[in-house]
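Asker: Output the structure for:
(2 chains)
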Amino acid sequence: AQSVTQLGSHVSVSEGALVLLRCNYSSSVPPYLFWYVQYPNQGLQLLLKYTSAATLVKGINGFEAEFKKSETSFHLTKPSAHMSDAAEYFCAVIPNRDDKIIFGKGTRLHILP
Amino acid sequence: ETGVTQSPTHLIKTRGQQVTLRCSSQSGHNTVSWYQQALGQGPQFIFQYYREEENGRGNFPPRFSGLQFPNYSSELNVNALELDDSALYLCASSSGQALYGYTFGSGTRLTVV
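Answerer: Residues are numbered from 1 along each chain as shown, chains lettered A, B, ... in the order given. Alright, predicted model coming up:
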């Protein structure tokens, strides 16, 4: 079955430091990949998505992710962390265009002052 | 664009009872999906409706059922509630295929005691 694995259930970075959240997918063909963010007591907000166009995808709030087929990875990065980035981040995959979204278990990002 | 609205925001039920959760989808979105998010986990797909017909179901028992109405609203019904049904239930709508991205509601927090 298709799945995504997020490495690290909790990640802490200092304000202003690089944010790197890791996601690996299992798929025999390039899937559609997403990053969602969930703030406390809220639903999920789409950060960015990869749908087989450019491998470097830019999203909202300064986040971007790079699709690397050779590594089956879709890591999320942001050059400089801000306190408002503290939230839960979910990597998700759609194995093919008519399928449902499969979410990873999430990574909680903590921003240290 | 009105977004996705879910009601109620919080609910406490007793084991064995039945519950109905409601979702008002974004106007023009004819696809709605429901997800269960247990504490500390990623959302798990329950089922999806397209133009009032169920067109996909996750690994959930039949006591989880749903309806979609012509006015873009939908319901999730759960019968014979169990303690493990305690979770955040998320509704998500889309105007087309999943790869175009879903708009999520803020969820209903169900507690079964």
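
Asker: Extract the residue ranges of chain A that are flagged as low pLDDT.
Answerer: Within chain A, the segments meeting pLDDT under 70 span A:1, A:28-30, A:97-98.

Asker: So which bits of it are right by chain B?
Answerer: Taking C-beta under 8 Å from any C-beta of the partner chain as the criterion, chain A approaches chain B at residues A:9, A:32, A:34, A:36, A:41-46, A:49, A:51, A:90, A:92, A:94, A:97-106. Every C-beta, even on glycine, is put in place using the N, C-alpha and C of the backbone.

Asker: how close does the residue nearest to the spatial centre of chain A get to A:G62?
Answerer: With the centre of chain A defined as its mean C-alpha position, the nearest residue by C-alpha atoms, centre = their mean is A:W35, 3.6 Å away. In this view, A:W35 and A:G62 are 13 Å apart by C-beta to C-beta, to the nearest Å.

Asker: how about the residues of chain B near chain A?
Answerer: When proximity is defined by C-beta under 8 Å from any C-beta, chain B lies next to chain A at B:4, B:6, B:33, B:35, B:40-45, B:48, B:56, B:58, B:90, B:92, B:97-99, B:101-102, B:104-107.

Asker: Can you tell me which of these are buried?
Answerer: When the residues of chain B next to chain A are checked for burial by 16 or more other C-beta atoms under 10 Å in any protein chain shown, the buried set is B:4, B:6, B:33, B:35, B:42-45, B:48, B:56, B:58, B:90, B:92, B:98-99, B:101-102, B:104-107.

Asker: can you give me the strands for chain A?
Answerer: A:3-7, A:10-14, A:19-26, A:32-38, A:44-50, A:56-58, A:64-68, A:73-78, A:87-94, A:102-103, A:107-112 (DSSP state E).

Asker: Can you name the helix or strand that B:T20 falls in?
Answerer: strand B:19-24 (DSSP states H and E).

Asker: quick one, strands of chain B?
Answerer: Ranges of strands within chain B are B:5-7, B:10-13, B:19-24, B:31-37, B:44-50, B:53-57, B:64-68, B:73-78, B:87-94, B:103-104, B:108-112, based on DSSP E.

Asker: In contact with B:Y49, which residues?
Answerer: For B:Y49, the contacting residues are B:T31, B:V32, B:S33, B:N55, B:G66, B:L67, B:Q68, B:S74, by C-beta atoms under 8 Å, 6 or more residues apart in numbering or on different chains.

Asker: I should have written A:G43 there, sorry.
Answerer: Taking C-beta under 8 Å, 6+ apart as the definition, contacts of A:G43 comprise B:V4, B:Q6, B:L90, B:A92, B:F104, B:G105, B:S106, B:G107.

Asker: ok, and the closest non-adjacent residue to it?
Answerer: B:F104 (3.7 Å; C-beta to C-beta, 6 or more residues apart in numbering or on different chains).

Asker: ok, the one you found - contacts?
Answerer: When the contact criterion is C-beta under 8 Å, 6+ apart, the partners of B:F104 are A:Y36, A:G43, A:L44, A:Q45, B:V4, B:L90, B:C91, B:A92.
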